[in-house]
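In: Structure, please.
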Amino acid sequence: MVGIDRPIRVARVIARLNVGGPARHTVLLAAGMDPRRFATTLITGRVEPDEGDFGFLAAERGVVPVTIPELSRALHPGRDLAVLVKLVRLFRRLAPDIVHTHTAKAGALGRVAALLAGVPVRIHTFHGHVLDGYFSPPVSRLFLAVERGLARRTDRIVILGPRLRAAMLALGIGRPDQYAVIPLGLELARFRSVRRDPLSLRATLGVPAGAPLLGSIGRLVPIKDHPTLFRALAAVPAGPAAPHLAVVGDGECRGELERLAEALGIGARIHFLGWRHDLEAILAGCDVVISSSRNEGTPVALIEAMAAGVPVLATDVGGVGDLVADGETGWLVPPADPGAMAARLQTLLADRAGAERAAARARDAVFARHDAPGLIRRMEALYDEVIAEKRGV
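Out: Purely as a prediction, here's the structure:
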């Protein structure tokens, strides 16, 4: 790779553009990098029927992905071999200078294909600690062995925060000098104009004017651990001012969660809204946004809530501690502990002035660290650095 006098060709691979931070992240990079210097091809699989689809984000930004239908999150040896063959052929045709993979499955298949196709630079982004809680123990052990092996043939490993970097190194994945910490970037400008509106959403949902309204935003899947949040809500004393919860999102656990809410006696206070595109209006009406996950990378829902100036409460898992400073920009509690979550929730609802001060600090912090232009600038610098190394500059 000597004397490149054309845009650097980047092939970006992600398993699917389902609702979540990785899809937003990859679309922003595919659309936002300087086209005079970088020519990007986005390669993805298909979204499963029970998942929210973020494909429209790519269309809105003029990004037309190359779709490999067999590429999915689940392990399937026959389909995975077909994906590998298709990726090798695609890379040989595109002749990218860089293959940058995102998410575990795409990361494994994409990097192996890049090796087979002779791609000079291979980069992988870990969007979270996917080796803990996302897969069954045997599959997690398999992925760990694969990641350790692939790290030896990867030029850079991108990680979203220092805690996740430390966790991956503790698992024996890569060397310290391979890692680049680049925070998740999002289009946050639309949240600058959010003005708190305590009445409109309450009126729509039938929430009493004096009752706190909490928000939970994300997929209804086991790793998000909504039962802990529901049990915490049930532990808060009932009455006219008992908190209500707006659950934004959908997924495989919705029916089970609806039944749990009824069994806990809080069905009337939990409002399942499904996927919504008017997130600014939702956040404007919430007093607190809560994440109860068992594991997270850098949760988009919390970043967007903080950008909108809404106080946040979250379980201290994965990279959440890199985003939320306990008592300074939000509040952290142990995972799977409804009692601790209920107690902390009551404390911050009792001190609304303190909660608003923390929310103001959080808003400044996330715009400085997680706005999209910063992500694009950092990634362009990383690509320039690795290409220069390959050229011996």
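In: can you pull the pLDDT of the residue nearest to R37 when sequence neighbours are not counted?
Out: Excluding its sequence neighbours, the residue lying closest to R37 (CB to CB, 6 or more residues apart in numbering) is P7, at 5.6 Å. To be clear about C-beta, it is placed using only N, CA and C from the backbone, and glycine gets the same treatment. As predicted, P7 sits at a pLDDT of 96.
In: Name all residues that make contact with P7.
Out: Applying CB atoms under 8 Å, 6 or more residues apart in numbering to P7 gives the contacts P35, R36, R37, F38, A39.
In: how does it look with 10 Å?
Out: With contacts defined as CB atoms under 10 Å, 6 or more residues apart in numbering, P7 is in contact with M33, D34, P35, R36, R37, F38, A39, T40, D97.
In: so what's the fifth one up against?
Out: Read it as R37. If you count contacts by CB under 10 Å, 6+ apart, then R37 has I4, R6, P7, I8, E380, Y383, D384 around it.
In: What residues sit buried inside the lowest-mean-pLDDT helix or strand in the chain?
Out: None of the helices or strands of the chain scores lower by mean pLDDT, DSSP states H and E than helix 137-151, at a mean of 88. Under the neighbour-count criterion of 16 or more other CB atoms under 10 Å, helix 137-151 has S140, F143, E147, L150, A151 buried.
In: next one: stretch 34-42
Out: F38, A39, T40, T41, L42.
In: For A365, which non-adjacent residue is spatially closest?
Out: T329 (5.6 Å).
In: mind checking the SS state of H271?
Out: Of the three states, H271 takes strand under DSSP: H, G, I helix; E, B strand; the rest coil.
In: If you could redo that for A246, that was the one I meant.
Out: Taking three-state DSSP, the label given to A246 is strand.
In: With S293 instead?
Out: Assignment for S293 (three-state DSSP): coil.
In: Does it touch M341 like I think?
Out: No: here S293 does not reach M341: they are 11.8 Å apart, not a contact under CB atoms under 10 Å.
In: shared neighbours of those two, which are they?
Out: Joint contacts of S293 and M341 (CB under 10 Å, 6+ apart) are T228, L229, A314, T315, P335.
In: coming back round to it: among the contacts of R37, which are in helices?
Out: E380, Y383, D384 (DSSP state H).
In: isn't the last one right next to M33, touching?
Out: To tie it back to what came earlier, the one meant is D384. No: with contact defined as CB under 10 Å, D384 does not reach M33; the gap is 11.2 Å.
In: intersection of neighbour lists for the two?
Out: I8.
In: Low-confidence ranges, this protein, go.
Out: 1-4, 129-135, 393 (pLDDT under 70).
In: Show me where it has its strands.
Out: 8-14, 38-44, 66-67, 98-102, 121-126, 156-159, 179-181, 213-217, 244-248, 270-274, 288-291, 312-315, 331-333 (DSSP state E).
In: The fourth one packs against which elements?
Out: The criterion is 3 or more CB pairs under 10 Å, 6 or more residues apart in numbering; DSSP states H and E, and the helices and strands that strand 98-102 contacts are strand 8-14, helix 21-32, strand 38-44, helix 77-94, helix 104-117, strand 121-126, strand 156-159, helix 372-391.
In: let's see 6 Å
Out: strand 8-14, helix 104-117, strand 121-126 (3 or more CB pairs under 6 Å, 6 or more residues apart in numbering; DSSP states H and E).
In: next one: the first one
Out: Contact here means 3+ CB pairs under 6 Å, 6+ apart; on that basis strand 8-14 packs against helix 21-32, strand 38-44, strand 98-102, helix 104-117.
In: quick one, what contacts the residue nearest to R24 when sequence neighbours are not counted?
Out: With sequence-adjacent residues excluded and distances taken as CB to CB, 6+ apart, R24 is closest to L186, at 6.0 Å. By CB atoms under 6 Å, 6 or more residues apart in numbering, the contact set of L186 is R24, I303, H370.
In: Return the distance of the closest residue to G161 other than its chain neighbours relative to I159.
Out: The shortest distance from G161 to any non-neighbouring residue, by CB to CB, 6+ apart, is to D322 (3.3 Å). Applying CB to CB, to the nearest Å, the value for D322 to I159 is 10 Å.
In: who has more neighbours, those two?
Out: Comparing D322 with I159 by other CB atoms under 10 Å, the one with more neighbours is I159, at 31 against 20.
In: burial measure for the closest residue to that one other than its chain neighbours, as a count.
Out: Excluding the flanking residues, the one nearest I159 by CB to CB, 6+ apart is R165, at 4.5 Å. Counted with other CB under 10 Å, residues neighbouring R165 total 22.
In: before we move on, what about the one 5 residues further on?
Out: Residues lying near A170 (other CB under 10 Å) number 8.
In: one step back: in contact with the residue nearest to G161: list those residues for me.
Out: G161, P162, R163.
In: Pull the contacting residues for the last one.
Out: Contact partners of R163, counting by CB under 6 Å, 6+ apart, are G319, G321, D322.
In: Give me the domain ranges for the chain.
Out: Domain assignment for the chain by automatic domain parsing gives 8-186+371-391, 189-369.
In: Off-centre distance for the first one?
Out: With CA atoms, centre = their mean, to the nearest Å as the basis, domain 8-186+371-391 stands 13 Å off its chain's centre.
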